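S.K.: Below are the sequence and a predicted model; questions follow.
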Amino acid sequence: MKAIHYIGAGVAVFVGALGALQVNRQFEKPAVVATAQKVPVEYQIEPAQFSPAGAVDFRAAAQKVNKSVVSIDRFNNATDFFGEPVGEQETGSGSGVVIGANGIIVTNNHVVADATRVQVRTSDGRSLDAKVLGTDPVSDLAVLQVTGANLPAVPMGNSKDLQVGQWVMAVGNPLGFDNTVSVGVVSSLKRSLPIQGSALVDAIQTDAAINPGNSGGALTDSSGNLIGINSAIASNNRGSIGIGFAIPVDRVQKVVNDIVKFGYTRYPGLGIRYRKEWDGALAFGRVRRQIAQETSATDVPNSGIIIAGAEGEAAKAGIGTWDILLSIDGQKTESLFDLNRVLVPKKPGDVVTIKVWSKGQEKTIKIALQELRRDV
C-alpha cells in the first residue's frame, strides 16, 4: 500500500532512517512522507546560467543557497527500561533554511516537535543551540533562531507565479549527507494532502530528488530564490520516487511573520467546535442512529463534520451540538482535512457561505471568519 510520509531522517543514518511517519490515511497511489527530516534580502539576484546548448546551469544557484541551508538535530531526554533518566539522546534530524539576517531559521514542525533541545549545524561546520520561537502543526512549519552566528539569509522568491515545468532545485541534508543538491521541475501545483493530522494545502509538487532528512530544506528556482520548504514525499518504499511536496514560500512567510510577531500563527475559524475522534464517524450507522436519537431526525447525512458546539457568529446563527457541517463555499467538508483545505488559504474577516444539516433540515448561512489560534 502506498502512503504519504514525512521525510525526517533518523539518527542511525546508515542503518536506516528512524522512519518516515505514515499518514493515518492510505491512498491507492504513491504515499506522501514528510521530509524530516518580508525578510530583507542581502544578495544580488542573478539570472540562471545557460550552456551553449541551452541547458540550465545550477552552479551559481547552489553556491548561493548552500550557505543558507543548515542541518537540524533534535534531542530528547532519554530513560532506561525502569524509567530512570539516562541523559540526552539525539532522536532525529532534518534540514532548515536561514531566512533572516538576525538568525531566523524555518524548518518543518515535525523536525523539532517535542524536542528538549534543538541544535543547528551550519555549512561551515559550526554547531549552535537554537531557540524554538514557535511552531505551526497545521502547516507543518517551525521557526528557530540562533544568535551571534552571522548566517547568510537565502534570497526570497514567490510561489504565486510558479508554472508547471519550471526548473527547481532542492537543497538539504538527506540521510545525513549535508548540503546535498538535486534538481528537477515543478511537476504540479496546488496539491492538497492530509498528513498526520496536519494538511499540506496548495503544495508544490516536484520531481527533484527528496529523501528522509530533506524535511525543512529549501526548494528554490533556478536562480537560487526560495520558493518553498520541502516537507513530504509520495513513496511506496519511503524513499524518493520523484514525487515530492513543498510548502509554498508565500504561506511560509505568513507563518514566520506571525510566529516572530505573536508567537503563534493566526488562522481563520468558523467558531465551531469538533472532536478529532469523530472524524469520519458518520460513515457508521450506529453513529447516525445516535445523532437521530439526539435530534429527533431520521435523515442524518452519512458524511460531514459533526459539530460539538459553537460560539460567536456561528452560535448566533443557531448552530449547535449534533449539527453537521456539509460544505464551505460550495466545497464539501467530509473530514477535518477538508476543513483545513478550505480554510487555511483564507484569512480572518473573510465571509464564507456554509451549509449545515440541523435537526433534519439543511441551512445555508453566511459567516465572517474569526481569528483562531492554532499552535497546538
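M.R.: The structure has been received and is ready for your questions.
S.K.: what's the average pLDDT for the one helix or strand residue 86 maps to?
M.R.: In this assignment (DSSP states H and E), residue 86 forms part of strand 85-98. The average of the pLDDT scores along strand 85-98 is 88.
S.K.: Report the rounded mean pLDDT for the following helix or strand past it.
M.R.: Where DSSP H and E defines the elements, the next helix or strand beyond strand 85-98 is strand 104-107. Here strand 104-107 scores 97 as its mean pLDDT.
S.K.: Tell me which strands strand 104-107 pairs with, and in which orientation.
M.R.: strand 85-98 (antiparallel), strand 141-145 (antiparallel) (DSSP bridges).
S.K.: Go through these and pick out the most buried.
M.R.: strand 141-145 (a mean of 26; mean count of other C-beta atoms under 10 Å). Heads up, the C-betas are built off the backbone N, CA and C, glycines and all.
S.K.: just how off-centre is that strand within its chain?
M.R.: Put simply, strand 141-145 sits 12 Å off its chain's centre (C-alpha atoms, centre = their mean, to the nearest Å).
S.K.: Quick one: mean pLDDT for that strand?
M.R.: Per-residue scores along strand 141-145 average to 96.
S.K.: outside of that strand, which residues touch it?
M.R.: 72, 96, 102-109, 111-113, 118, 120, 130-136, 216, 229, 247, 252, 255-256, 259-260, 265 (C-beta atoms under 8 Å, 6 or more residues apart in numbering).
S.K.: Just list what the helix or strand following it packs against, helices and strands only.
M.R.: Using DSSP H and E, the next helix or strand after strand 141-145 towards the C-terminus is strand 167-172. Strand 167-172 is packed against helix 59-66, strand 85-98, strand 180-195, strand 198-206, strand 218-221, strand 226-235, with contacts defined by 3 or more C-beta pairs under 8 Å, 6 or more residues apart in numbering; DSSP states H and E.
S.K.: what about residue 291, which helix or strand?
M.R.: Secondary structure (DSSP H and E) places residue 291 in helix 285-295.
S.K.: ok, then the element right after that helix?
M.R.: Taking DSSP H and E, what comes next after helix 285-295 is strand 305-306.
S.K.: what pLDDT, on average, does that next one get?
M.R.: Here the average pLDDT along strand 305-306 is 96.
S.K.: what sits up against it?
M.R.: Here strand 305-306 has contacts from 272, 274-275, 278-279, 281-282, 287, 291, 322, 324-325, 333-336, 338-339, using C-beta under 8 Å, 6+ apart.
S.K.: mind redoing it with 6 Å?
M.R.: Contacting residues not belonging to strand 305-306 are listed as 274, 278, 324-325, 333 [C-beta atoms under 6 Å, 6 or more residues apart in numbering].
S.K.: which of those count as buried?
M.R.: 274, 324-325, 333 (16 or more other C-beta atoms under 10 Å).
S.K.: could you dump those to a markdown table with secondary structure and pLDDT?
M.R.: Putting these into a markdown table (DSSP: H, G, I helix; E, B strand; the rest coil; pLDDT from 0 to 100) gives the following:
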| residue | secondary structure | pLDDT |
| --- | --- | --- |
| 274 | coil | 90 |
| 324 | strand | 96 |
| 325 | strand | 97 |
| 333 | coil | 94 |
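S.K.: tell me the domain ranges of the chain?
M.R.: Annotated domains of the chain cover 1-264, 266-373 [automatic domain parsing].
S.K.: Of the ones you listed, which shows the lowest average pLDDT?
M.R.: With a mean of 82, domain 1-264 has the lowest mean pLDDT of those.
S.K.: what about residue 292, neighbour count?
M.R.: 15 (other C-beta atoms under 10 Å).
S.K.: my guess is it contacts residue 300, does it?
M.R.: Yes: in this structure residue 292 lies within contact range of residue 300 using C-beta atoms under 6 Å: 5.2 Å.
S.K.: what is in contact with these two at once?
M.R.: Joint contacts of residue 292 and residue 300 (C-beta under 6 Å, 6+ apart) do not exist.
S.K.: Right, I'll leave it there.
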